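Asker: below is the sequence, then the predicted model.
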Amino acid sequence: MSERKIRVLIAKPGLDGHDRGAKVVARALRDAGMEVIYTGLRQTPEMVVEAALQEDVDVIGLSILSGAHMALVPRVMELLRQNDLGHVAVFVGGIIPDEDIPALKAQGVIEVFGPGALTEDIIEVVRQAVANRDQPSSVVRPPSL
């Protein structure tokens, strides 16, 4: 029996109409053996999370070039938690000012990729996120009485 492929949702939330980068990332992840679902342009955070729920994804990649990342990402993260999808890793790509990256990571984003990011780095981050999630907990439990 083969191991389940990593399932990644690539989404373009907001009004941004440029999706070349999202398609390049989607293709690279697919070529790396992952199952990729691309939602298309102009998705709302609600549509992104609904697609993640319906497609049972492990990871979401959000591509945002419009400058609305500080509104869109927190909403996606909130909706993921509300829908018991807190285990789904989220990475962001696009035009993100360096000063906004700590706030996005504080929201739970695993990584932010800017222009010129290597697809190999994105693939590695996705694989690591899923591997870390699937690791057994290292919490030591006291013996039962």
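Answerer: That came in fine, so what should we check first?
Asker: report the contact partners of Met34.
Answerer: Lys5, Ile6, Arg7, Val8, Ile123, Val126 (CB atoms under 8 Å, 6 or more residues apart in numbering). Yep, even glycine has a C-beta here, placed from its N, CA and C like the rest.
Asker: what is the rounded mean pLDDT of the helix ranked longest in the chain?
Answerer: Secondary structure of the chain per DSSP state H: the longest helix is helix 119-134. If you average the pLDDT over helix 119-134, you get 95.
Asker: residues contacting it, please?
Answerer: So helix 119-134 is contacted by 6, 8, 24-25, 28-29, 32, 34, 58-59, 61, 87, 89, 91, 93, 110-111, 113 (CB under 8 Å, 6+ apart).
Asker: of those residues, grab the buried ones for PyMOL.
Answerer: Buried members of the contacts of helix 119-134 can be picked out in PyMOL with the line below, counting by 16 or more other CB atoms under 10 Å:
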select buried, resi 6+8+25+28+29+32+34+58+59+61+89+91+93+110+111+113
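Asker: which of the contacts of helix 119-134 fall in helices?
Answerer: Counting by DSSP H, the contacts of helix 119-134 contribute Val24, Val25, Ala28, Leu29 to helices.
Asker: identify the farthest-apart pair in these.
Answerer: Farthest apart among the ones in helices among the contacts of helix 119-134 by CB to CB are Val24 and Leu29. That separation is 9.8 Å.
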